[in-house]
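> sequence first, then the predicted structure:
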Amino acid sequence: MMRKPDSKPSREELLSRQEVLDQIAEGAYFLALAEGFPPGQEVTHWLRAESEVVARLQKQAAPSKAVVAANNQGANAKNKTAKA
């Protein structure tokens with residue numbers, strides 16, 4: 001369910017947002033670690049980690065959409081068979 005833009009996010013939304021931010025921060029840390037913590041690269045590491053986390057989350061969500069689509073197609077086929 002979508003919330004109004006001016007309303008406060010729910011506790012669940014805050015937790016999930018915080019989890020995503022934690023994943024980005026951890027990713028940025030490990031990117032910096034791998035490069036020897038070069039000065040002035042904090043934003044670059046953050047943006048790269050953010051991109052990686054978003055891509056991973058989208059990839060994880062994609063199979064769910066595929067399953068829903070397959071289930072819908074199966075239900076449509078059953079309905080056509082039942083009508084015949």
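Yes, it's here.

> Three-state assignment for residue 38, please.
Following DSSP: H, G, I helix; E, B strand; the rest coil, the label given to residue 38 is coil.

> got a list of what the closest residue in space to it that isn't next to it in sequence touches?
Among residues not flanking residue 38 along the chain, residue 32 sits closest, at 7.5 Å (CB to CB, 6 or more residues apart in numbering). Every residue, glycine included, has its C-beta placed from N, CA and C. By CB atoms under 8 Å, 6 or more residues apart in numbering, residue 32 lies in contact with 38, 41, 42, 45.

> and residue 17, how far is that from residue 36?
31 Å (CB to CB, to the nearest Å).

> which of these two has more residues huddled nearby?
Neighbour count, other CB atoms under 10 Å: between residue 17 and residue 36, residue 17 has more, with 11 against 7.

> in which helix or strand does that one reside?
Taking DSSP states H and E as the criterion, residue 17 maps to helix 11-34.

> let me know the average pLDDT across that helix.
The average pLDDT within helix 11-34 is 89.

> ditto for stretch 42-49
pLDDT averaged over stretch 42-49 gives 98.
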